[in-house]
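Novice: One predicted model, sequence on top.
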Amino acid sequence: MTYLRIREQCVLLIDGLGISEPFDMAVLLRAWPEKFGARIELVPAKLGSSLPCGLLVSTGEIHYVCYDATASPLHRTQIICHELGHVALGHTEPVDDSLDKRLGHLEPVAGLEILHRLMPTLSPGLIRRLMGRTVYDAEQERDAELFALLLVAAVARNSTHRSTAVGPTLGRLPGLLACGSRSRC
């Protein structure tokens, strides 16, 4: 999909969210199932530097958004909005069914057995679904990041209580985004 089309899609999705003033993430998440079917549960975690800052795990009924609990408030908001972008844009299904690509040289059955040993409480079917949902192609990552950027900008633009709702740094974001590449900004 072209940049302009995905941007238009993101704007329409965000406009349909009914962002509250002042912005409250809990209000947005409570309304999420009405728009997208499954509820969102935020899971703070110490992900470490070798892992992504955020992770989306979808089970059908719930989308678990794991985020780095040690990230700054602004970065944490961006991470959460990025993962919400994956849900809103329908990125919860596997890009392809090839578990082989994610398990390298291992035979698919052997790889699945290893993962089941690491996560014994999860069924092999659920492990296969989760593995498929944790790998996104570059286009999906770009689209989710655009959604996050536009959502954060909409929150900042719509907020009448910048100091408590989004903070002074985030409150300046719409002006910075409007500057684009112009040097006078």
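Specialist: Alright, I've got the coordinates. Residues are numbered from 1 along each chain as shown.
Novice: Every contact and neighbour count from this point should use C-alpha atoms.
Specialist: OK.
Novice: Give the buried residues for the longest helix along the chain.
Specialist: When every helix of the chain is counted residue by residue (DSSP state H), the longest turns out to be helix 138-158. By neighbour count, and taking 16 or more other CA atoms under 10 Å as the criterion, the buried residues in helix 138-158 are 140-141, 143-158.
Novice: Same check on stretch 5-20?
Specialist: Counting neighbours by 16+ other CA under 10 Å, one finds that the buried residues in stretch 5-20 are 6-7, 9-11, 13-14, 19.
Novice: likewise stretch 62-70?
Specialist: 63-69.
Novice: circling back to that earlier point, as JSON lines, the buried residues of stretch 5-20 with distance to residue 46 and secondary structure would be great.
Specialist: Listed next are the buried residues of stretch 5-20 as JSON lines, based on distance: CA to CA, whole Å; DSSP: H, G, I helix; E, B strand; the rest coil:
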{"residue": "6", "distance to residue 46": "32", "secondary structure": "helix"}
{"residue": "7", "distance to residue 46": "32", "secondary structure": "helix"}
{"residue": "9", "distance to residue 46": "33", "secondary structure": "helix"}
{"residue": "10", "distance to residue 46": "29", "secondary structure": "helix"}
{"residue": "11", "distance to residue 46": "32", "secondary structure": "helix"}
{"residue": "13", "distance to residue 46": "30", "secondary structure": "helix"}
{"residue": "14", "distance to residue 46": "29", "secondary structure": "helix"}
{"residue": "19", "distance to residue 46": "29", "secondary structure": "coil"}
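Novice: Now distance to residue 47 too, for those, in CSV please.
Specialist: Putting the buried residues of stretch 5-20 into CSV (distance: CA to CA, whole Å) gives the following:
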residue, distance to residue 47
6, 30
7, 30
9, 31
10, 28
11, 30
13, 29
14, 28
19, 29
